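**Student:** sequence first, then the predicted structure:
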Amino acid sequence: MNAPNKSGWKPEMQVSEDGLHNGPSTTTGNRALMLEEPLIFEIGHPETTGVDLPEIDPDAPNRLGGFDRSDPIGLVGLTEPETVRHYTRLSRQNYGIDLGFFPLGSCTMKHNPRLNEKVARLPGFADIHPLAPQQSVQGALQVIHELGDWLMKLTGMPGVAMSPKAGAHGELCGILAIRAAHTARGDARQVVLVPESAHGTNPATAAFAGYKVEDIPATPEGRVDLEAIKARLAPDVAAVMITNPNTCGLFEKDFREIADAVHAVGGYVYCDGANFNAIVGRVRPGDLGVDAMHINLHKTFSTPHGGGGPGSGPVVFSEALKDFAPLPVVRKTADDSYELVEEEGRKHRGQSFGRMTAFHGQMGMFTRALTYMLSHGADGLKQVAEDAVLNANYVLRSLEDILHAPFADSGPCMHEALFGDKDFGGGLSTLDLAKALIDEGYHPMTVYFPLVVHGAMLVEPTETESKASIDQFITAFRSVTERALAGDESMKQAPYYAPRRRLDETQAARKPKLAWQDPEPSA
Amino acid sequence: MRYLPLTDTDRADMLAKIGANLIDDLFVDVPAVAQLDGPIRELPMHASEMAVERHMKARANKNLAAGDAPFFLGAGAYRHHVPASVDTVIQRGEFLTAYTPYQPEIAQGTLQMLFEFQSQVARLYGCAVANASMYDGSTACWEAVAMAGRVTRCHRAVLSGALHPHYSQVVKTMAQFTGDTIADAMPAIQTEPDNAGLISRIDDDTACVVVQYPDILGRIPDLTELADAAHAKGALLVVVNTEPVALGAIKSPGEMGADIVVGEGQSIGVGLQFGGPYLGLFAVRDPKHVRQMPGRLCGETTDAEGKRGFVLTLSTREQHIRREKATSNICTNSGLCALAFNVHMTLLGEKGLRELAAENHRLACIAADRLEKIPGVSLLNSAFFNEFTLQLGGNPAREVVRSLADLGVLGGVSLDRLYPGVAGLEDALLVAVTETTTEEDIETLAKELEGVLS
């Protein structure tokens, strides 16, 4: 368990006199392969360009209506070799799944298969216009329809909206459909119940849709309090928003009972599908009484996170809500062709709550996600859920003896294991442990979320890690935990070996510098 | 299964460590009603890389790619040449497979890129500050309307009739739920944008005036008089741009008095992709409005050793801190598309962007001149950048577009596709021309259009 790998090989580290691994300083600020890189504004030039375009002909016809841009824009350019080098050097200051274990809880940082990338770049998908005549894009419409069909079958739900652009956009889609359904009945309900452990997007979404948000407490075992919900349910409750598996990494075992109770008072059940990876192919949310659920294609279905988007958040709907889904929708016609329905009217029953985005959703993510689903199939996806859950439980049971695991007795965890920073010595906190993990070569777990656990650490290994990789991580995690429990002061300054030491976020917020300012010309 | 590293031996060892006999023991909390007895039957089983590629290629091959036909579609999505190095950069695993930069010490690549991106967008738009991007232009447009409400504490938005109808629909959809009042209009089919009509709709309760520049018909409205009129009533001017290449040729919205500038960044680096993912751009002219902005912001700071570095900042506006009091429920940006924009814009630089814009305009002028000569066809615009409106002498443009597609020509976007069934718009065709258009393409379109109309 304590060997970093099977053979026991471990790179030797020389420790210099200052106790750190710093040699003499360098003229460039570089340290061999750790390369500093200026901003493009410091190395580029307005007259430099990396593309070959015709020179501007000052006598060419001009029909700009007299709005010609005469002042400098203030952009700078680089040639192609300089550009490629600039971004390659920048890329090396980033951590990514390709580099190592990325156990970011609730984010499902699984391997991004490269076949997905290849398929998304086929000109028949990448180089087609959203408003192209429908006869010329039948294959693209078919992909949207096929992916929607997979999502409905995987969730056991009869309706789907494909256009939401990300998870939070999908949440909004679901809540707006719920509100539209109530409004259609002339029912002006005011309240959405949200557990206190929910993602921040849940209350933000409900508030945006005009609802009053009320917190639901959790039980000591880390689940939504069924009795508290039942006690609060009344005809003013429009919906409950529950994440399942929840943000403590547990399956909400009372979900069906909660759903039935909500339905009994005429409310709807929104399920945040952020954690669908734990149950995909094994449990269908439709069987649990869900009315609407968004699916993060960039989590469960392996489309890349890209350093913060683009995501994609299709929403599946129950029979009660599906007719309220936003437009456009893709439908299969009697002659086996595909039709994009963009407007209310003859072809649509006219209850859609409207349009959420300019075109039809994240096509580039659809091709990737469908490629992934076809690769795994129903059997592979079930295995995905099982391996993800197995890996998380293995992490939980390998660390619970040393680290506070508040819900370790609440049964098996699902896709992620939750720990807290209780008993850390020397004033150390979760943040210090996270930064120490960076020095060990890991991306830290999710920290300080969910809010219901002090110094929360949420570890989601996903199914694409090998046992050897997880064992190495456990070894490293145990060692930093031991240091934290012992109050190792040096952790307060970690990371030592990352491209940057701790960054001053207070300064960044107090005096925001959000764009490059050209230096004053020297006198 | 090629994406699953655990072996059966691993699984058995791990279950033993956990103290479970079967994998099913880990799912005991799932109620029996929701337990499936095996893989979902209605779906196929796993498939090889080769088989999956074949399946997907069969679908891709049913589509007519823009590069395989004379192509003239725009209306909010434009086909531009994206240099090969852009895709090479965005496929680097350190960018592609990174998460949102919440651990800045190991995300300086993404963060510095975002700082460069924000700086490029701010300059392009003539603004002080741009955010780290949004889902797309249409959602950014709604966020601008919502922000104007926060700033002015008024809740009525006046939309130009020449705002992209999908953008208007998104705004109206969202406003149903927030209680904002949206005053929209149909586009007036006339040579010049109807500024006077727009100005006449501004009142004392108006939070913002939303105008597209260049507009949905390709015309170029004078923003200065709109800004003056809006400001006189205490309203903000929100300018929407769906073609950022235009801003290499025409004045920036910021310098003409726009308060919030939003738009679609897809033209630079991102590609058509059947409508997404795209890149929402969002900027404000006056830095005092920064704290009312939605979305992520990257800022400069220093690390513990005094080295320059970048972090996500001002996150007290955002949902993960503010929950139901956040400026927006948005939890992401369009990071990889922002990188593509950043790389492409760096390759272009000031010189390249200006040349690119000039080349678009040159070819658009050639196309307008040539197409206008077709009997029965007239050019609506007096001014345009790379897109203009043709009137087809009473012929239904939606049918014409279909007929052209049957002939292998992607000839434009009919206004009837955008405004279904609206009287007076049926014979209008939007034609976009970019640097990827050849003079031969223009000639082909002219000949086939003439044939279809005759």
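**Tutor:** Nice, I can see it.
**Student:** wait, A:Leu53 sits on B:Ala357?
**Tutor:** No. A:Leu53 is beyond contact range of B:Ala357, at 9.6 Å (criterion: CB atoms under 8 Å). Just so you know, the C-beta spots here come from the backbone N, C-alpha and C atoms, and that holds for glycine as well.
**Student:** tell me which of these two has more neighbours.
**Tutor:** Applying other CB atoms under 10 Å in any protein chain shown to A:Leu53 and B:Ala357 shows that B:Ala357 carries more neighbours, namely 26 against 18.
**Student:** B:Ser267 is in contact with the more buried one, correct?
**Tutor:** No. Applying CB under 8 Å, one finds B:Ala357 not in contact with B:Ser267, separated by 10.6 Å.
**Student:** what's the overlap in contacts for the two?
**Tutor:** Here B:Ala357 and B:Ser267 have B:Val245 as joint contacts, going by CB atoms under 8 Å, 6 or more residues apart in numbering or on different chains.
**Student:** please name the nearest non-neighbouring residue to the residue in chain A that chain B sits nearest to.
**Tutor:** Residue of chain A nearest chain B, by CB to the nearest CB: A:Gly77 (1.6 Å). Distances taken as CB to CB, 6 or more residues apart in numbering or on different chains put B:Gly349 closest to A:Gly77, at 1.6 Å, once the chain neighbours are dropped.
**Student:** and that neighbour, its phi and psi?
**Tutor:** According to degrees, to the nearest 10, the main-chain angles of B:Gly349 amount to phi 70, psi -180.
**Student:** in contact with it, which residues?
**Tutor:** B:Gly349 neighbours (CB under 8 Å, 6+ apart): A:44-50, A:75-78.
**Student:** go again with 7 Å.
**Tutor:** Applying CB atoms under 7 Å, 6 or more residues apart in numbering or on different chains, one finds that B:Gly349 lies in contact with A:44, A:46, A:48-49, A:75-77.
**Student:** next: B:Thr110.
**Tutor:** A:94, A:307-308, B:95, B:98, B:101, B:335.
**Student:** do that again at 8 Å, thanks
**Tutor:** A:94, A:307-308, B:95, B:98, B:101, B:335, B:339.
**Student:** farthest from the middle of chain A: give me that residue.
**Tutor:** Computed with CA atoms, centre = their mean, the residue of chain A farthest from its C-alpha average is A:Asp59, at 51.0 Å.
**Student:** three-state assignment of that residue?
**Tutor:** coil (DSSP: H, G, I helix; E, B strand; the rest coil).
**Student:** what's the pLDDT at it?
**Tutor:** Note for A:Asp59: predicted pLDDT of 95.
**Student:** so what's B:Lys172 closest to, chain neighbours aside?
**Tutor:** Here the residue nearest B:Lys172, using CB to CB, 6+ apart, is B:Ile182, at 5.1 Å.
**Student:** mind giving me the packing neighbours of the lengthiest helix in chain A?
**Tutor:** The residue-count maximum for a helix in chain A (DSSP state H) belongs to helix A:363-399. Using 3 or more CB pairs under 8 Å, 6 or more residues apart in numbering or on different chains; DSSP states H and E, the elements in contact with helix A:363-399 are helix A:114-120, helix A:123-126, helix A:138-155, strand A:417-419, helix A:467-485, helix B:8-18, helix B:49-60.
**Student:** report the contact partners of residue 289.
**Tutor:** Here I'm looking at chain A. A:255-256, A:258-260, A:263, A:269.
**Student:** I was after chain B.
**Tutor:** For B:His289, the contact set (CB under 8 Å, 6+ apart) comprises B:147, B:151, B:259-260.
**Student:** again, only this time at 6 Å
**Tutor:** With contacts defined as CB atoms under 6 Å, 6 or more residues apart in numbering or on different chains, B:His289 has no neighbours.
**Student:** a strand runs through it, doesn't it?
**Tutor:** No. Looking at B:His289 with three-state DSSP, it is helix, so not inside a strand.
**Student:** per-residue confidence for it?
**Tutor:** At B:His289, the model reports a pLDDT of 95.
**Student:** need the buried ones from the contacts of B:Gly349 selected in PyMOL.
**Tutor:** Per 16 or more other CB atoms under 10 Å in any protein chain shown, the buried members of those correspond to this PyMOL selection:
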select buried, chain A and resi 44+46+48+49+75+76+77
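**Student:** can you map out the strands along the chain?
**Tutor:** Unless you meant another one, I'm taking chain A. A:159-161, A:191-195, A:212-216, A:237-243, A:268-272, A:292-294, A:315-317, A:329-332, A:338-341, A:417-419, A:446-447, A:457-459 (DSSP state E).
**Student:** try again with chain B
**Tutor:** Going by DSSP E, chain B shows strands at B:129-130, B:156-159, B:181-183, B:206-212, B:236-241, B:260-264, B:280-284, B:298-302, B:308-312, B:378-379, B:387-391, B:413-414, B:428-432.
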